[in-house]
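Participant: Just the structure for this:
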Amino acid sequence: MHISDSIKYVGVNDHKIDLFEGQYPVPNGISYNSYAIIDDKIAVMDSVDAAFLDEWLENIEQAIGDRTPDYLIVQHMEPDHSANILNFTKKYPEAKIVSSALAFQMMKNFFGTDFADKSVVVGEGSTLNLGEHTLAFVAAQMVHWPEVIMTYDVKEKVLFSADGFGKFGALDVEEDWIDEARRYYIGIVGKYGMPVQAVLKKTANLDIQTICPLHGPVLTENLGYYLNLYDIWSGYKVEADEIVIAYTSVYGNTKKAVELLADKLRAKGCTVNVYDLARCDMSAAVADAFRCGKLVLATTTYSGSIFPFMHTFINHLTERSYQNRTIALIENGTWAPMAAKLMRGMFEKSKNITFTENSVKIMSALSDESKMQIDALVDELTTPLAK
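Facilitator: Numbering: from 1, shown residues only. I've put the predicted structure just below:
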């Protein structure tokens with residue numbers, strides 16, 4: 001991957017991984033990005049996952065030839081980016097480690113040492129001169145860990161964005177950026193919209209020509225597109241005027257109601273995205289719920305609560321500060337339906353959630369009455385709001 005004559009990509013692709021962070025399916029793998037800035041002094045930006053030490057060190061050697069790095073800049077301490085800090089110091093004992101004060105505390109937790117004899121502590125407004133390149137550091141606390149810094153190369157106008165602007169998928173696989181970047185953002189960073197907004201405001205004053213994230217491709221064209229999406233996602237704004245229906249069904253009756261609702265909505269011209277929460281990629285359903293403006297939740301009363309997959313789904317939403325959306329409820333129960341009440345209660349601390357006036361109650365199977373409720377819900381979901 002060519003970035004510039006003086007900035008080289010030295011990261012790796014991981015196709016062995018099946019679940020990122022133990023929960024997000026990554027069928028196309030993931031990249032662990034690292035970069036070498038070659039000037040009078042050489043700075044390596046972050047390390048990679050522990051399993052790829054040898055490949056990473058080989059990539060560094062190929063990039064810098066017979067020279068040795070002067071600095072390892074650690075922007076983020078999650079092990080997929082920091083695991084090889086100690087190994088780097090063994091390979092290059094004269095190199096300094098550049099990071100935030102909190103990151104050095106975390107290094108002691110991970111490695112038993114805070115590298116006091118080789119540490120360079122930086123924070124908001126700090127700079128590091130490599131020769132022609134000056135690196136300016138931007139504090140990015142809680143995007144999405146508290147120690148995070150981002151780095152701006154003043155000469156090349158490159159923002160090294162830590163986990164910001166990342167995506168799932170290895171770099172040797174061709175796929176659209178947006179869906180996997182959204183799933184990555186909502187899953188990994190989604191709770192921390194306010195800190196992301198703060199960083200966007202700080203970086204708005206920088207002339208950024210290239211964004212180099214720790215996962216996913218280097219971004220060099222139409223950066224306004226990516227920055228605008230991050231503003232939408234971190235501001236919890238509606239990205240698409242579409243409807244997501246997320247459901248669980250034990251014996252198929254709730255599924256039949258969902259299919260009927262979806263058909264009627266599509267007949268009215270709506271784009272509808274349906275997720276069977278027991279079988280789908282949960283992270284994709286969560287990301288789509290954030291993408292769209294309206295959400296229908298359909299589930300059964302189960303052991304005095306709601307079906308486990310629905311409970312998990314709603315927890316994923318609320319943990320990530322789901323807000324500014326319209327929600328409709330469909331419940332099913334044979335003798336004491338209470339799923340709608342319980343689902344509504346799970347959003348009691350969420351901001352700007354509007355529940356539809358109409359809901360659907362199914363007593364075991366669809367009836368004429370519940371079909372009429374579906375028709376009323378369709379009308380409400382497809383009626384433009386009064387201005």
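Participant: any idea which element the closest residue in space to Ile188 that isn't next to it in sequence lies in?
Facilitator: Excluding its sequence neighbours, the residue lying closest to Ile188 (C-beta to C-beta, 6 or more residues apart in numbering) is His144, at 6.1 Å. Yep, even glycine has a C-beta here, placed from its N, CA and C like the rest. His144 belongs to no helix or strand when assigned by DSSP states H and E.
Participant: what do you get for Leu229?
Facilitator: Here Leu229, judged by DSSP H and E, is contained in helix 223-234.
Participant: Equivalent analysis for Phe137, please.
Facilitator: Secondary structure (DSSP H and E) places Phe137 in strand 134-139.
Participant: Neighbouring strands of that strand in the sheet, and parallel or not?
Facilitator: strand 127-129 (antiparallel), strand 149-153 (antiparallel) (DSSP bridges).
Participant: How about residues contacting the first one?
Facilitator: I take that to be strand 127-129. Strand 127-129 has contacts (C-beta atoms under 8 Å, 6 or more residues apart in numbering) with 43, 71, 73, 98, 120, 122, 134-137.
Participant: Give me the buried positions along it.
Facilitator: Using 16 or more other C-beta atoms under 10 Å as the test for burial, strand 127-129 gives Leu128.
Participant: circling back to that earlier point, from the contacts of strand 127-129, list just the buried residues.
Facilitator: Buried, going by 16+ other C-beta under 10 Å: 43, 71, 73, 98, 122, 135-137, out of these.
Participant: which of these sit farthest apart?
Facilitator: Tyr71 and Ala136 (14.4 Å; C-beta to C-beta).
Participant: Low-confidence regions, the chain specifically.
Facilitator: Across the chain, residues meeting the criterion (pLDDT under 70) sit at 385-387.
Participant: Okay, domains of it per the record?
Facilitator: Split into domains by automatic domain parsing, the chain comes to 7-234, 242-380.
Participant: so how far is the first residue of the shortest one from its last?
Facilitator: Okay, so that is domain 242-380. 14 Å (C-alpha to C-alpha, to the nearest Å).
Participant: Equivalent analysis for stretch 39-59, please.
Facilitator: End-to-end for stretch 39-59, by C-alpha to C-alpha: 17 Å.
Participant: what's the answer for stretch 121-131, then?
Facilitator: 19 Å.
Participant: can you check stretch 265-285 too?
Facilitator: Per C-alpha to C-alpha, the first residue of stretch 265-285 is 19 Å away from its last.
Participant: Not counting its own residues, what contacts that stretch?
Facilitator: 23-25, 183, 186-187, 240-249, 255, 258-259, 262, 288, 292, 309-310, 312-313, 316, 378, 381-382.
Participant: Helices along the stretch 1-150 of the chain, start to end?
Facilitator: 53-64, 79-82, 85-91, 101-111 (DSSP state H, counting those that start in this stretch).
Participant: measure Met45 to Asp114 for me?
Facilitator: 20 Å (C-beta to C-beta, to the nearest Å).
Participant: the more surrounded of the two?
Facilitator: Met45 (28 against 17; other C-beta atoms under 10 Å).
Participant: So for stretch 203-223, what gets flagged as buried?
Facilitator: Within stretch 203-223, the residues scored as buried using 16+ other C-beta under 10 Å are 203, 208, 210-219.
Participant: do stretch 310-330 as well
Facilitator: 310-311, 313-314, 316-318, 320-330.
Participant: Ok, stretch 132-148 next?
Facilitator: Of all the residues in stretch 132-148, those buried under the rule 16+ other C-beta under 10 Å are 133, 135-145, 147-148.
Participant: Please apply the same query to stretch 249-259.
Facilitator: Across stretch 249-259, burial judged by 16+ other C-beta under 10 Å covers 249, 253-255, 257-258.
Participant: Grab the nearest non-local neighbour of Ile178.
Facilitator: Leaving aside its sequence neighbours, Ile178 sits nearest to Leu229 (C-beta to C-beta, 6+ apart; 7.1 Å).
Participant: In contact with the residue nearest to Ile85 when sequence neighbours are not counted, which residues are there?
Facilitator: Closest residue to Ile85 apart from its sequence neighbours, by C-beta to C-beta, 6+ apart: Ser47 at 5.9 Å. By C-beta under 8 Å, 6+ apart, the contact set of Ser47 is 34, 56, 72, 74, 81-85, 87-88.
Participant: want to throw those residues into JSON lines with neighbour count and distance to Phe355?
Facilitator: Shown next, in JSON lines, are those (neighbours: other C-beta atoms under 10 Å; distance: C-beta to C-beta, whole Å):
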{"residue": "Ser34", "neighbour count": "26", "distance to Phe355": "47"}
{"residue": "Trp56", "neighbour count": "25", "distance to Phe355": "50"}
{"residue": "Leu72", "neighbour count": "27", "distance to Phe355": "51"}
{"residue": "Val74", "neighbour count": "27", "distance to Phe355": "45"}
{"residue": "His81", "neighbour count": "24", "distance to Phe355": "41"}
{"residue": "Ser82", "neighbour count": "26", "distance to Phe355": "43"}
{"residue": "Ala83", "neighbour count": "21", "distance to Phe355": "45"}
{"residue": "Asn84", "neighbour count": "25", "distance to Phe355": "49"}
{"residue": "Ile85", "neighbour count": "22", "distance to Phe355": "49"}
{"residue": "Asn87", "neighbour count": "16", "distance to Phe355": "53"}
{"residue": "Phe88", "neighbour count": "21", "distance to Phe355": "53"}
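Participant: just the residues you listed now: which is nearest Ser4?
Facilitator: Nearest to Ser4 among the contacts of Ser47: Ser34, at 15.5 Å, using C-beta to C-beta.
Participant: Would you confirm that that closest one contacts Trp56?
Facilitator: Yes. Ser34 is within contact range of Trp56, at 6.3 Å (criterion: C-beta atoms under 8 Å).
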